[in-house]
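**Q** the amino acid sequence is not available; the structure is as follows:
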């Protein structure tokens, strides 16, 4: 490596390192998110307690990750937190997605992969509730 | 900078750069999250439509960011997505939190800052629904 190239490499590495700090900061509480649209969906099974049906929905949800307007996707099941009156633990599967903007969410809704998921799995669920939020701060 | 120090610096910078790639990857769909416990709370106001009451809850929620087991905190309001039967847009404020583990969530529940928030703001809400999820994949 020539001195010039070495300097360039050091400069690049330093820039990337600075980028790391910035990236980490977005994980701190209350930092502005790049993906302020939160789409959280809860599914209740037609056969409550069916692990097989639950897993089929989970597998179906995994296919959604190919939709590029979904910036982050979390597939969840009920966590064993303390039972309290306010905690709804009657659902079976959740999908939590983050979008950059409302257009990204709309694109997802009509996307063929999403439509295919509904076609393949909607017979398995009894009820769906969707919450769409946008960061307030 | 001596050659040895320069090499050390380059090695460190390269390690940090590698860390960046790993950090970015956690934002991609379906990558394993460091914070698999998702706690999502929705608040319905006693005075629906009161922006003042909504904003008082938002201000109250901001105090929670000092609780160190909360690894990420998002405060949301209803997003103007398409109206559909499955979308519940009757709530006013949401808090979405991520925890490393169930213990972190339990610590948050009993934390004095959280208790103070409930004391200060609970007269403003009519209903609360909590969803606690853990990453399935």
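**A** Perfect, thanks for sending it. None of the values given here were measured: they were computed from a predicted structure.

**Q** per-domain residue ranges of chain A.
**A** A:1-29, A:37-134 (automatic domain parsing).

**Q** mean pLDDT lowest for which of these?
**A** If the domains of chain A are sorted by mean pLDDT, domain A:1-29 sits at the bottom with a mean of 44.

**Q** now the strands for chain A?
**A** Remark: strands assigned in chain A by DSSP state E are A:37-45, A:72-78, A:93-99, A:125-135.

**Q** can you name every helix or strand that the longest one contacts?
**A** Contacts of strand A:125-135 with other secondary structure elements, assessed using 3 or more Cβ pairs under 8 Å, 6 or more residues apart in numbering or on different chains; DSSP states H and E, are made with strand A:37-45, strand B:72-78, strand B:93-99. Backbone N, C-alpha and C define where each C-beta goes, glycine included.

**Q** likewise for the second one?
**A** In terms of contacts (3+ Cβ pairs under 8 Å, 6+ apart), strand A:72-78 is packed against helix A:51-62, strand A:93-99, strand B:125-135.

**Q** buried deepest among the ones you listed, which one?
**A** Among these, strand A:93-99 has the highest mean neighbour count (mean count of other Cβ atoms under 10 Å in any protein chain shown), at a mean of 24.

**Q** which other residues reach it?
**A** Under the contact criterion Cβ atoms under 8 Å, 6 or more residues apart in numbering or on different chains, strand A:93-99 has outside partners A:33, A:35, A:37-43, A:45, A:54, A:57-58, A:61, A:64, A:69-77, A:105, A:108, B:38, B:40, B:131, B:133, B:136.

**Q** residue A:83 contacts residue B:130, doesn't it?
**A** No. Between residue A:83 and residue B:130 no contact is recorded; they are 10.9 Å apart, counting by Cβ atoms under 8 Å.

**Q** any idea how far residue B:42 is from the closest residue to residue A:84 other than its chain neighbours?
**A** Leaving aside its sequence neighbours, residue A:84 sits nearest to residue B:130 (Cβ to Cβ, 6 or more residues apart in numbering or on different chains; 7.2 Å). Residue B:130 sits 8 Å away from residue B:42, going by Cβ to Cβ, to the nearest Å.

**Q** and residue A:112, how many neighbours does it have?
**A** If you count neighbours by other Cβ atoms under 10 Å in any protein chain shown, residue A:112 ends up with 8.

**Q** tell me the bridge partners for the closest residue to residue A:133 other than its chain neighbours.
**A** The shortest distance from residue A:133 to any non-neighbouring residue, by Cβ to Cβ, 6+ apart, is to residue B:76 (3.0 Å). Following DSSP bridges, residue B:76 is listed with bridge partners residue A:135, residue B:94.

**Q** and the gap between residue B:76 and residue B:44?
**A** Taken as Cβ to Cβ, the span from residue B:76 to residue B:44 is 14 Å.

**Q** out of these two, which sits in the busier spot?
**A** Each of residue B:76 and residue B:44 has its neighbours counted (other Cβ under 10 Å); residue B:76 has more, 25 against 15.

**Q** what would the domains of chain A look like in TSV with distance to residue B:117?
**A** Formatted as TSV, these follow (distance: least, Cβ to Cβ, whole Å):
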stretch	distance to residue B:117
domain A:1-29	14
domain A:37-134	14
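
**Q** residue A:42 and residue A:129 touch, don't they?
**A** Yes. Using Cβ under 8 Å, residue A:42 is in contact with residue A:129, at 5.0 Å.

**Q** mutual contacts of the two, please.
**A** By Cβ under 8 Å, 6+ apart, residue A:42 and residue A:129 have these common neighbours: residue A:91.

**Q** and the domains of chain A, which is most packed in?
**A** domain A:37-134 (a mean of 17).

**Q** between the two ends of that one, how far is it?
**A** Using Cα to Cα, to the nearest Å, the end-to-end distance of domain A:37-134 comes out at 5 Å.

**Q** then stretch A:68-83?
**A** 37 Å.
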